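1. okay, here's the prediction I keep looking at, along with the sequence it came from:
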Amino acid sequence: MNREEFLEVYRHSLSHILAKAVIEIFGSENVQYAIGPQIADGFYYDFVLPRAIGPDDFKTIENKMREILKRKEEWKREEVTREEALKIFEGQKFKTELIEELPEGELITIYRTGDDFTDLCRGPHVDNSAELLGTAFEIRSASGAYWRGDEHRDSLQRVYCYAFPDKKQLKEHKDLIREAMERDHKKLGPQLEMFMFDPTAPGMAYWLPRGWKSYNALLDFWRGIHEVHGYNEISGPVLSKKELWVTSGHWGHYMDGMFIIPGETIDDDNTMALKPMNCPNAIKVYMNKPRSYKDLPLRINQVDVIHRKEKSGELNGLFRVQEFRQDDAHILVAEEQIADEIKDIMDIATQIYGTFGLTYAAELSTRPDNYMGDIEVWNKAEEDLKEILLDVYGEGGFEVNEGDGAFYGPKIDLKMKDALGREWQMGTIQLDFQLPLNFDMKYTAQDGTLKRPVMIHRAIFGSIERFIGILIENFKGAFPFWLSPVQVGVVPIREEHNAYAKEVMDLLRVNRVRAETDYSDKNMKVKIKTFKNYKDPYILVLGDKEAQERTVSINLRGSNKQIQNVPLDTFIEMCVKMNREYSLDMIESAENL
RNA sequence: GCUGGAAUAGCGCAGUCGGUAGCGCAACUGAUUCGUAAUCAGUAGGUCGAGGGUUCGAGUCCCUUUUCCAGCUCCA
């Protein structure tokens, strides 16, 4: 048995033990038990219980589980007919529903744990509870869930439980969770004074001076790359009349997600809505003048603020907000240009993600049943996309989600992994055959006929807000030099060193290095501590010696390592070099220049 | 929207049975002029998220509401 199978059997068996424990505590007549699958770090089980359970109950349940294991009961597998199964689970509505939905003739198996607990299950399981005695488990939390994930159906209580083969692995996992919590951008961001939220603007970040510096550094980097790849940036209105959204189809498909400013009534022509997406702006710009095949591909990028209304309870720090910016671009291409253009976008993505040391994987989503447009065009586009992905990642190097594309076109999603191995859906590249049709977009082809362009929507960061949230967690707030809110903290030792500190500050600023200093009469140790807490990459300590010799003494982030006697000009050169090269690592020695 | 939790000084927290709101850090003032992560002393700061109710009396109990958190669902 390999580790995966081992975990599956043990976790799944433990979930039965959890259900049995809960039933023993609350009484079988008071509990409806639904399903209890294994998940990445353990398992859960869904119940309907007579009351809400909380942390106080967890210990009780765990103890009951251990007590049950100590009984060393036999597990018996039985094959039963549909009728027998329905009889066994009489009164259990979820089990009954599951049984009734099993296809005619399908083998139904049940597992008995001891004499008093039976669960509908495919298995496999342990033969005796004794086998589970050595495992480590701990109830993590309880939360609400819906039967079959459908918010219109029964509301259940889901009990989550960690489960690992031994205590050591459980502890390692809990350490990882703790590490992730320490990196939580919702905690680190405000601590580093990067952003804040105010209750009067739920889900809309205030970017504080330090955070906005990083935000702009990120955009500068992004703009530089796009200039090279032939993009032209625009900005459009955030507020547009309803008419625009009716044409684009958002009024019909996305109304619930828009902040709407009604006229006399919402049906009034003067009703306006904040844009949830940028695409119509790019389209209007395209249609601003007659277009020829010579204009294509027309690459329009844009980072305007967009607003999307979310249902309450869905907001989550920078990861899920109601006001944000996307590193958006819309490219209008002729059909035959799709392949080359996608390839270029993938190059941009590789370069951008690589700069952060992040790896990413691609997923292709293909034509759904409710697709719109010409099937020939779809087939060609999907073939193109597949070919590109094969070319870049090789056979099996990417996932395909059949039928998961948007109704207006197939798409490639880019997912990246962070420092803790967590996956995030970030970038997306979507082909769109529909909007060019809705807006009746055209271009004059070489042969003089009018043709319709294809639109590519694409984003690499996805939401810039979310991306920064991910970066904060990935780097634990210790950003690469070029992205650090403030790059250099300057500490004059005594007030008489303020003049030299001012000179150093001026020189740093002239060279576009973001620096801060503290001219107050505070103790130098206090000044150093403040800048350390902000995670400034370099802290310069300036005293008599430095002022005299025009050098700096550098204290490096993350350690108390010091580099003494670095000529001021050399230090500036180091900073400029890291900014120019978007270096991931910090230069730690003047000799490395 | 649903389930469960939370909200007390700028931040992190304490506040017992319902009986005059506290601690640490930060801030401010003064002293200290200092060589690599917290110098010393003092001062000020709060309608306890908001609204209503119970009570002689509410941070504490009840109801409503807002925001946030853990999930569900949804998503960039």
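-> Ah, there it is. Numbers count the residues shown, from 1 in each chain, chains lettered A, B, ... in the order given.

2. show me which residues of the stretch 201-350 of chain A sit near RNA strand B.
-> A:202-203, A:308, A:310-317, A:320-322, A:324, A:326 (Cβ under 7 Å from any atom of the strand). For every residue, glycine as well, the C-beta is placed using N, CA and C.

3. ok, now which ones touch the closest residue to RNA strand B within the stretch 401-550 of chain A?
-> Ranking the residues of the stretch 401-550 of chain A by distance to RNA strand B (Cβ to the nearest atom of the strand) places residue A:543 first, at 2.5 Å. Residues near residue A:543 by Cβ atoms under 8 Å, 6 or more residues apart in numbering: A:492, A:493, A:494, A:497, A:553.

4. returning to that earlier point: from the residues of the stretch 201-350 of chain A next to RNA strand B, keep the buried residues only.
-> Burial by neighbour count, judged by 16 or more other Cβ atoms under 10 Å, picks out A:203, A:308, A:317, A:320, A:321, A:322, A:324, A:326 from these.

5. right, and the third one touches residue A:188 too?
-> No: using Cβ atoms under 8 Å, residue A:317 and residue A:188 do not qualify as a contacting pair, with a distance of 10.2 Å.

6. so what's the residue count around residue A:376?
-> As a burial measure, residue A:376 scores 9 neighbours (other Cβ atoms under 10 Å).

7. bridging residues for whichever residue of the stretch 51-200 of chain A sits closest to RNA strand B?
-> RNA strand B sits closest to residue A:144 of the stretch 51-200 of chain A, with a gap of 2.6 Å, by Cβ to the nearest atom of the strand. Per DSSP bridges, the residues bridged to residue A:144 are residue A:157.

8. surely it touches residue A:157?
-> Yes: checked against Cβ under 8 Å, the pair residue A:144 and residue A:157 is within contact range at 6.7 Å.

9. neighbour count: those two, which is higher?
-> residue A:157 (18 against 10).

10. residues contacting the more buried one?
-> Taking Cβ under 8 Å, 6+ apart as the test, what residue A:157 contacts is A:46, A:47, A:48, A:49, A:52, A:53, A:142, A:143, A:144, A:145.

11. let me see the backbone angles for the residue in the stretch 251-400 of chain A that RNA strand B sits nearest to.
-> Residue nearest to RNA strand B within the stretch 251-400 of chain A: residue A:313 (2.6 Å; Cβ to the nearest atom of the strand). Note on residue A:313: backbone dihedrals following degrees, to the nearest 10 are phi 90, psi -10.

12. same question for residue A:78.
-> phi -130, psi 140.

13. just residue A:269 next, same as before
-> According to degrees, to the nearest 10, residue A:269 has phi -60, psi -20.

14. I'd say it and residue A:262 touch.
-> No: look at residue A:269 against residue A:262 with Cβ under 8 Å: they stay out of range, at 11.2 Å.

15. identify the residues contacting the residue nearest the centre of chain A.
-> Nearest to the mean C-alpha position of chain A, counting by Cα atoms, centre = their mean, stands residue A:424 at 3.7 Å. Shown in contact with residue A:424 (Cβ under 8 Å, 6+ apart): A:415, A:416, A:417, A:418, A:466, A:470.

16. using the three-state scheme, assign the residue lying closest to residue A:233 once chain neighbours are set aside.
-> Leaving aside its sequence neighbours, residue A:233 sits nearest to residue A:301 (Cβ to Cβ, 6 or more residues apart in numbering; 5.0 Å). Three-state call for residue A:301 (DSSP: H, G, I helix; E, B strand; the rest coil): strand.

17. distance check, residue A:301 against residue A:295.
-> Computed with Cβ to Cβ, to the nearest Å, the distance linking residue A:301 and residue A:295 is 16 Å.

18. who has more neighbours out of those two?
-> Legend: neighbour count by other Cβ under 10 Å for residue A:301 and residue A:295, higher for residue A:301 (22 against 14).

19. so what sits opposite that one in the bridge?
-> Residues in beta-bridge contact with residue A:301 (DSSP bridges): residue A:233, residue A:329.

20. in contact with it, which residues?
-> Contacts were defined as Cβ under 8 Å, 6+ apart; by that measure residue A:301 touches A:226, A:231, A:232, A:233, A:234, A:327, A:328, A:329.

21. which of those sit farthest apart?
-> A:232 and A:327 (14.6 Å; Cβ to Cβ).

22. looking at these two, which is more packed in?
-> More neighbours surround residue A:327 than the other of residue A:232 and residue A:327, with 23 against 13 (other Cβ under 10 Å).

23. burial count for the residue nearest to that one when sequence neighbours are not counted?
-> Closest residue to residue A:327 in three dimensions, ignoring its sequence neighbours and counting by Cβ to Cβ, 6+ apart: residue A:461, at 4.4 Å. Residue A:461 has 25 neighbouring residues, counting by other Cβ under 10 Å.

24. now do the SS call for residue A:461.
-> Using three-state DSSP, the three-state assignment for residue A:461 comes out as strand.

25. low pLDDT regions in chain A?
-> Along chain A, segments meeting pLDDT under 70 span A:1-2, A:590-593.

26. can I get the helix or strand residue A:56 falls within in PDB, CA atoms only?
-> Element membership for residue A:56 (DSSP states H and E) is helix A:55-70. Included here for helix A:55-70 are C-alpha records, laid out as PDB according to Å, rounded to 0.1, in the frame of the first residue of the first chain:
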ATOM      1  CA  PRO A  55     -14.900  24.300  19.900                       C
ATOM      2  CA  ASP A  56     -16.200  23.100  23.200                       C
ATOM      3  CA  ASP A  57     -17.600  20.000  21.500                       C
ATOM      4  CA  PHE A  58     -14.500  19.100  19.700                       C
ATOM      5  CA  LYS A  59     -12.700  17.600  22.600                       C
ATOM      6  CA  THR A  60     -15.800  15.600  23.600                       C
ATOM      7  CA  ILE A  61     -16.000  14.200  20.100                       C
ATOM      8  CA  GLU A  62     -12.300  13.500  19.800                       C
ATOM      9  CA  ASN A  63     -12.400  11.600  23.100                       C
ATOM     10  CA  LYS A  64     -15.500   9.700  22.000                       C
ATOM     11  CA  MET A  65     -13.600   8.800  18.800                       C
ATOM     12  CA  ARG A  66     -10.600   7.500  20.800                       C
ATOM     13  CA  GLU A  67     -13.000   5.600  23.100                       C
ATOM     14  CA  ILE A  68     -14.600   3.900  20.000                       C
ATOM     15  CA  LEU A  69     -11.200   3.000  18.600                       C
ATOM     16  CA  LYS A  70     -10.200   1.300  21.800                       C
END
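
27. name the residues of the top helix by length along chain A that are buried.
-> If you go by DSSP state H, chain A has its longest helix at helix A:3-26. Of the residues in helix A:3-26, A:7-26 count as buried by neighbour count, 16+ other Cβ under 10 Å.

28. just the terminal-to-terminal distance for stretch A:314-330.
-> Using Cα to Cα, to the nearest Å, the span of stretch A:314-330 from its first residue to its last is 28 Å.

29. my bad, stretch A:132-150
-> Stretch A:132-150: ends 33 Å apart by Cα to Cα.

30. in it, what counts as buried?
-> A:132, A:135, A:136, A:137, A:138, A:139, A:140, A:142, A:145, A:147.

31. widest-spaced pair of those?
-> Among the buried residues of stretch A:132-150, A:136 and A:147 lie farthest apart (Cβ to Cβ), at 29.9 Å.

32. hang on, residue A:190 in a strand?
-> No: Residue A:190 is assigned helix when assessed by three-state DSSP, not a strand.

33. count of neighbours near residue A:236?
-> 16.

34. which ones are touching residue A:359?
-> Contacts of residue A:359 by Cβ under 8 Å, 6+ apart are A:353, A:416, A:417.

35. quick one, which of these are buried?
-> So, of these, A:353, A:416 end up buried under the neighbour-count rule (16+ other Cβ under 10 Å).

36. return the subset of the contacts of residue A:359 lying in strands.
-> Members of these lying in strands (criterion: DSSP state E): A:416, A:417.

37. dump the contacts of residue A:359 into JSON lines; add distance to residue A:567 as well.
-> Listed next are these as JSON lines, based on distance: Cβ to Cβ, whole Å:
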{"residue": "A:353", "distance to residue A:567": "36"}
{"residue": "A:416", "distance to residue A:567": "40"}
{"residue": "A:417", "distance to residue A:567": "41"}
